[in-house]
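Visitor: coords below, sequence missing:
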Ligand SMILES: Nc1ncnc2c1ncn2[C@@H]1O[C@H](COP(=O)(O)OP(=O)(O)OP(=O)(O)O)[C@@H](O)[C@H]1O
Ligand SMILES: [Mg+2]
């Protein structure tokens, strides 16, 4: 289970995030970035956040610790922005708390050259989870204490908005992926990660999602049935034919002149 904490103070909104996440203090004296259930597309964003971040962690990719945070909207009463008041009201109860990494910098491909194997693993992982949100425009990577941390998986697993057309073979377009110019041997990286992806691991990860965010899904009898559908999809994508990967791998060498890949090659000389 994810640890459960209680929000004690709404500190400030993170306006660079499209879903208006907020910095919040909690009763365990920790500081967190809270992804609110009442934002945008609702609880499915939080389901994707939990499944993908917890899977990433178990595959050896760094991502800040997640907890479930209980929110009483009263804690935001002094916040003057009406939009934030409405968001807090719509998010009373459980939300996702992401451990705040103080002083972390946004990933900048021109000042921080990632390791080729790491870049390939992240590219393959994003392909696995259908993550369209790790582009050079919006990297969703933080650099903290000389390591690169993965954040913001709310836009992944987007097949869950239309389960009937969910396709584990859907190609992944990695042309804009922020790490594509650095990735080498994406297929090998995929083999490394896929070897760790078992049905037991996926059952463990999907079990971390609270029932209340899965119940009532059309076409499913129970929250557990939805968990199994996520696990089956990811298992099939990890271990089935790798046509979706061909599309991802092709993107990596696309880094032509003017790209960050070319920038680093010049710097190497
Ligand atoms: N754990 C964290 N520690 C420190 N800063 C963070 C953390 N999580 C997020 N941030 C900062 O807040 C910004 C917004 O967070 P995040 O990307 O999770 O929100 P979002 O609303 O899903 O954003 P997007 O606009 O990409 O959809 C990040 O780009 C980053 O600068
Ligand atoms: Mg983001």
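Guide: Perfect, I can see it now. Bear in mind that the values here come from a model prediction, so they are computed numbers and not experimental data. Ligands and ions are numbered 1, 2, ... in the order given.

Visitor: where does the most centrally placed residue in the chain fall, phi/psi-wise?
Guide: Nearest to the geometric centre of the chain sits residue 153, at 1.8 Å (C-alpha atoms, centre = their mean). Backbone torsions for residue 153, taken as degrees, to the nearest 10, come to phi -110, psi 20.

Visitor: Contact partners for it?
Guide: Under the criterion of C-beta atoms under 8 Å, 6 or more residues apart in numbering, the neighbours of residue 153 are 48-49, 51-53, 56, 129, 131, 133. Where you see a C-beta, it was placed from the backbone N, CA and C, and this is true even at glycine.

Visitor: Could you rerun that using 10 Å?
Guide: 35, 45-56, 63, 125-126, 129, 131, 133-134, 140 (C-beta atoms under 10 Å, 6 or more residues apart in numbering).

Visitor: Same check on residue 42?
Guide: 36, 90-91, 213.

Visitor: Going through these, which ones are buried?
Guide: 36, 91, 213 (16 or more other C-beta atoms under 10 Å).

Visitor: so which of the residues you listed comes closest to residue 230?
Guide: Checking the buried ones among the contacts of residue 42 against residue 230 with C-beta to C-beta, the nearest one is residue 213 at 11.8 Å.

Visitor: For this protein, which residues score under the pLDDT cut-off?
Guide: Residue ranges of the chain with pLDDT under 70: 250-269.

Visitor: next SSE after the longest strand along the chain?
Guide: Looking across the chain with DSSP state E, the single longest strand is strand 4-13. Using DSSP states H and E, the helix or strand that directly follows strand 4-13 along the chain is strand 22-26.

Visitor: re the thing from before, so which of the contacts of residue 153 sit within helices?
Guide: Members of the contacts of residue 153 lying in helices (criterion: DSSP state H): 45-56, 125-126.

Visitor: can I get these in TSV with neighbour count?
Guide: TSV is the format used below for those (neighbours: other C-beta atoms under 10 Å):
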residue	neighbour count
45	23
46	25
47	26
48	25
49	23
50	22
51	24
52	26
53	26
54	22
55	27
56	25
125	23
126	27
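
Visitor: As a markdown table, these with distance to ligand 1 would be great.
Guide: As requested, those are arranged in a markdown table below (distance: C-beta to the nearest ligand atom, whole Å):
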| residue | distance to ligand 1 |
| --- | --- |
| 45 | 8 |
| 46 | 11 |
| 47 | 14 |
| 48 | 10 |
| 49 | 8 |
| 50 | 13 |
| 51 | 15 |
| 52 | 12 |
| 53 | 10 |
| 54 | 15 |
| 55 | 17 |
| 56 | 13 |
| 125 | 17 |
| 126 | 14 |
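
Visitor: Show the residue spans covered by the strands in the stretch 101-250 of the chain.
Guide: Secondary structure of the stretch 101-250 of the chain by DSSP state E, counting those that start in this stretch: the strands cover 105-106, 141-144, 147-150.
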